[in-house]
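> missing the sequence, but the structure's below:
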């Protein structure tokens with residue numbers, strides 16, 4: 001009899017003859033699945049992860065990095081320092097390999113963090129373990145059946161989990177997406193790249209003939225690059241000659257690709273990691289079908305240029321988590337989940353568009369494309385375009401369409417230095433519990449939300465600094481702000497409570513009966 005035992009926070013065994021119940025089952029324990037599990041656990045939702053790996057080790061270590069908005073999100077939950085301690089703060093944002101310095105954008109984290117995905121996953125997994133989320137390892141979701149009251153999730157080995165909802169965070173080849181019959185619309189690959197961090201035997205003092213050709217180059221095959229890291233190792237990006245290779249790449253693959261382009265592999269050895277990726281650009285036509293939802297690569301794939309994929313997956317999770325928890329906990333109607341697609345689908349669509357644009361610029365070495373790259377680089381050296389593209393590539397300019405109104409509406413709430421009860425606080429500390437927040441900057445006690453007091457926190461705060469948004473600039477100071485658990489502004493006060501009750505009902509459910 002197949003038996004599954006969660007590795008943490010165990011709530012019993014799931015066998016082929018019994019069903020184990022969870023409110024939410026997440027297929028996939030990568031960054032998106034882990035972040036979603038943490039969000040749900042913070043909201044006291046019974047959530048479990050199903051993960052095919054025996055542990056958190058990656059098959060083929062990958063590059064990684066966190067953009068500014070993702071670091072802000074982690075700061076909203078009080079865990080950003082765990083990542084900052086292990087990574088390297090750097091100006092990570094770029095467009096078509098033109099670096100975008102975001103150090104002058106109005107955010108506490110005006111930078112990116114270079115940190116490999118295996119470390120990102122390990123830190124997230126440790127946090128999830130602290131939150132006692134069970135993980136069914138050495139197992140995969142193989143199918144499911146929905147009904148009016150829930151969903152039966154079948155696992156490899158024959159065990160079944162019963163849940164209210166299933167979330168597919170199981171990657172670009174998502175079985176959950178396929179089983180749900182959700183179309184993955186878009187375009188297939190036209191190029192294949194290898195990226196790696198290696199050592200090379202040639203020393204800087206060697207003859208010019210053996211010195212690697214540092215920097216970016218283009219030819220009829222595609223784009224290629226060699227650069228030194230601060231550790232002295234070499235970062236390699238090379239376009240492969242064909243699309244024939246689709247599996248996990250090895251040192252031989254990388255050597256052959258380098259020889260095809262440079263005529264030598266420069267004596268490469270000791271790779272820290274090697275990754276293969278293509279320019280396939282696809283997006284699920286819907287992020288929800290009944291009790292099944294998709295997030296991360298299961299919902300969208302694109303080329304890795306710009307380093308956006310992991311980041312928008314984590315941001316998917318934070319948008320979905322609080323909504324799913326409110327539905328599961330009976331606070332909000334099931335229709336709240338439809339806003340997940342409404343808000344996040346356009347974000348990924350824009351990411352697919354900007355990655356396709358970058359690949360079009362980088363793709364070949366023709367004179368016309370070289371001229372276009374030079375013009376774009378010149379444009380991005382100007383302050384306003386640099387700030388605008390920097391905000392886009394780092395996720396700081398995302399605005400959900402919540403209607404007309406103040407420029408804060410639908411955008412991320414800045415991490416202001418506020419005074420609360422006479423004490424200085426960073427605003428993000430008020431979001432650590434993943435609950436909604438009503439900030440009153442007017443007369444203390446002047447905003448009343450008694451009917452929703454069990455769902456959101458109301459805080460009287462003082463702030464006399466500037467209000468500024470990335471790529472927007474200074475905005476009018478509000479009298480009050482309703483902040484959703486994901487850190488986005490749901491309502492802005494103008495001295496009255498006009499529209500507040502409607503916003504509270506829309507995002508936090510009907511008023512409680514007195």
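That came through fine. Computed from a prediction, not measured in an experiment: that's the story for all the values here.
> Going by neighbour count, list what's buried in stretch 223-233.
Residues of stretch 223-233 classed as buried: 223, 224, 225, 226, 233 (neighbour count, 16 or more other Cβ atoms under 10 Å). Where you see a C-beta, it was placed from the backbone N, CA and C, and this is true even at glycine.
> C-terminal to the helix or strand encompassing residue 22, what's the next element?
Applying DSSP states H and E as the criterion places residue 22 in strand 19-27. For strand 19-27, the following helix or strand on the C-terminal side (DSSP H and E) is helix 31-42.
> on that earlier part again, which helices and strands sit right next to the strand holding residue 22?
helix 31-42, strand 47-51, strand 151-155, strand 160-168, helix 309-328 (3 or more Cβ pairs under 8 Å, 6 or more residues apart in numbering; DSSP states H and E).
> hang on, residue 128 in a helix?
Yes. Per DSSP: H, G, I helix; E, B strand; the rest coil, residue 128 lies within a helix segment.
> how much space between it and residue 296?
Using Cβ to Cβ, to the nearest Å, residue 128 is found at 15 Å from residue 296.
> Compare the two (neighbour count), which wins?
residue 296 (30 against 25; other Cβ atoms under 10 Å).
> residues in contact with that one?
28, 30, 31, 32, 33, 169, 171, 312, 313, 316, 317 (Cβ atoms under 8 Å, 6 or more residues apart in numbering).
> could those be laid out in a markdown table, adding pLDDT?
Below are the contacts of residue 296 laid out as a markdown table (pLDDT from 0 to 100):
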| residue | pLDDT |
| --- | --- |
| 28 | 97 |
| 30 | 95 |
| 31 | 96 |
| 32 | 98 |
| 33 | 98 |
| 169 | 98 |
| 171 | 94 |
| 312 | 97 |
| 313 | 97 |
| 316 | 98 |
| 317 | 98 |
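> Just the closest of those residues to residue 134, please.
Checking these against residue 134 by Cβ to Cβ gives residue 33 as the nearest, at 12.9 Å.
> For that closest one, which non-adjacent residue is spatially closest?
residue 169 (3.6 Å; Cβ to Cβ, 6 or more residues apart in numbering).
> repeat for residue 373
residue 361 (5.3 Å).
> same question, residue 377
Leaving out its chain neighbours, residue 377 is closest to residue 98 (Cβ to Cβ, 6+ apart), at 4.7 Å.
> quick one, what contacts the one you found?
376, 377, 380.
> What's the per-residue pLDDT of it here?
On the pLDDT scale, residue 98 is placed at 93.
> Which residue ranges of this structure form helices?
According to DSSP state H, the chain carries its helices in the segments 31-42, 68-76, 80-84, 117-130, 175-179, 251-262, 309-328, 338-362, 367-380, 383-393, 500-508.
> So what's the residue count around the residue nearest to residue 373?
When neighbours are defined as other Cβ under 10 Å, residue 361 has 21 of them.
> And it, how far from residue 400?
Distance from residue 361 to residue 400, by Cβ to Cβ: 29 Å.
> Over to residue 316?
13 Å.
> These two - which one has more neighbours?
Shown here are residue 316 and residue 400; by other Cβ under 10 Å, residue 316 has more neighbours (30 against 20).
> now the residue lying closest to the more buried one once chain neighbours are set aside: how far from residue 408?
In space, and not counting its chain neighbours, residue 316 is closest to residue 295: 4.1 Å by Cβ to Cβ, 6+ apart. Going from residue 295 to residue 408 by Cβ to Cβ gives 26 Å.
> more crowded one of those two?
Under the neighbour definition other Cβ under 10 Å, residue 295 and residue 408 were set side by side, and residue 295 has more, 32 against 24.
> In contact with residue 405, which residues?
residue 492 are the contacts of residue 405 under Cβ under 8 Å, 6+ apart.
> how about residue 403, what does it touch?
residue 409.
> Okay, it and residue 43: tell me how far apart.
26 Å.
> cool, residue 511 as well?
Residue 511 is 20 Å from residue 43, by Cβ to Cβ.
> Does residue 343 touch residue 349 like I think?
No. With contact defined as Cβ atoms under 8 Å, residue 343 does not count as touching residue 349 (11.7 Å).
> quick one, strands of the stretch 101-250 of the chain?
112-114, 135-137, 141-146, 151-155, 160-168, 184-187, 192-200, 215-218, 223-228, 234-239 (DSSP state E, counting those that start in this stretch).
> for those, which one sits closest to residue 444?
Going by Cβ to Cβ, the one of those nearest residue 444 is strand 112-114, 37.8 Å.
> what sits up against that closest one?
By Cβ under 8 Å, 6+ apart, strand 112-114 touches 64-68, 71, 83-84, 87-93, 307, 394.
> Any idea how many residues pack against residue 454?
Residue 454 is flanked by 9 other residues according to other Cβ under 10 Å.
> May I have the residues that are in contact with it?
Per Cβ under 8 Å, 6+ apart, neighbours of residue 454: residue 512.
> same thing but at 10 Å, please
331, 508, 512 (Cβ atoms under 10 Å, 6 or more residues apart in numbering).
> could the contacts of residue 296 be laid out in TSV, adding distance to residue 118?
Shown next, in TSV, are those (distance: Cβ to Cβ, whole Å):
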residue	distance to residue 118
28	16
30	11
31	11
32	15
33	15
169	17
171	16
312	19
313	16
316	21
317	19
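> from those, which is closest to residue 124?
Comparing the contacts of residue 296 against residue 124 with Cβ to Cβ places residue 31 closest, at 6.2 Å.
> Residue 47 bridge partners, please.
residue 24 (DSSP bridges).
> how near is it to residue 320?
12 Å.
> what sits in contact with each of those two?
36, 39, 40, 165, 167.
> How about the contacts made by the last one?
If you count contacts by Cβ under 10 Å, 6+ apart, residue 167 has them with 24-28, 32-33, 36-37, 40, 47, 49, 176, 287-288, 291-296, 298, 316-317, 320-321, 324.
> Export the helices of the chain to a markdown table and append columns for distance to residue 55.
Shown next, in a markdown table, are those (distance: least, Cβ to Cβ, whole Å):
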| stretch | distance to residue 55 |
| --- | --- |
| helix 31-42 | 13 |
| helix 68-76 | 22 |
| helix 80-84 | 19 |
| helix 117-130 | 9 |
| helix 175-179 | 21 |
| helix 251-262 | 24 |
| helix 309-328 | 19 |
| helix 338-362 | 29 |
| helix 367-380 | 42 |
| helix 383-393 | 33 |
| helix 500-508 | 38 |
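> Deepest in the core, which of the ones you listed is it.
Ranked by mean neighbour count under mean count of other Cβ atoms under 10 Å, those are led by helix 31-42, which reaches a mean of 27.
> Specify the angle between that helix and helix 309-328 in degrees.
For helix 31-42 against helix 309-328, the angle by axes from the mean of the first three to the mean of the last three Cα atoms, to 10 degrees is 30 degrees.
> circling back to that earlier point, looking at residue 511 and residue 43, which has the bigger crowd around it?
residue 43 (20 against 14).
> Is that one in contact with residue 435, as I believe?
Yes. Counting by Cβ atoms under 10 Å, residue 43 does reach residue 435; the two are 8.0 Å apart.
> which residues are common contacts for the two?
Common neighbours of residue 43 and residue 435 (Cβ under 10 Å, 6+ apart) are 322, 325, 485.
> Identify the residues contacting the residue lying closest to the second one once chain neighbours are set aside.
Sequence neighbours aside, residue 43 is the residue nearest to residue 325 in space, at 3.4 Å (criterion: Cβ to Cβ, 6+ apart). For residue 43, the contact set (Cβ under 10 Å, 6+ apart) comprises 321, 322, 324, 325, 326, 328, 329, 331, 433, 434, 435, 485.
> Now for the third one: which residues touch it?
This means residue 324. 23-24, 36, 39-40, 43, 45, 47, 164-165, 167, 293, 317, 332, 336-337, 340.
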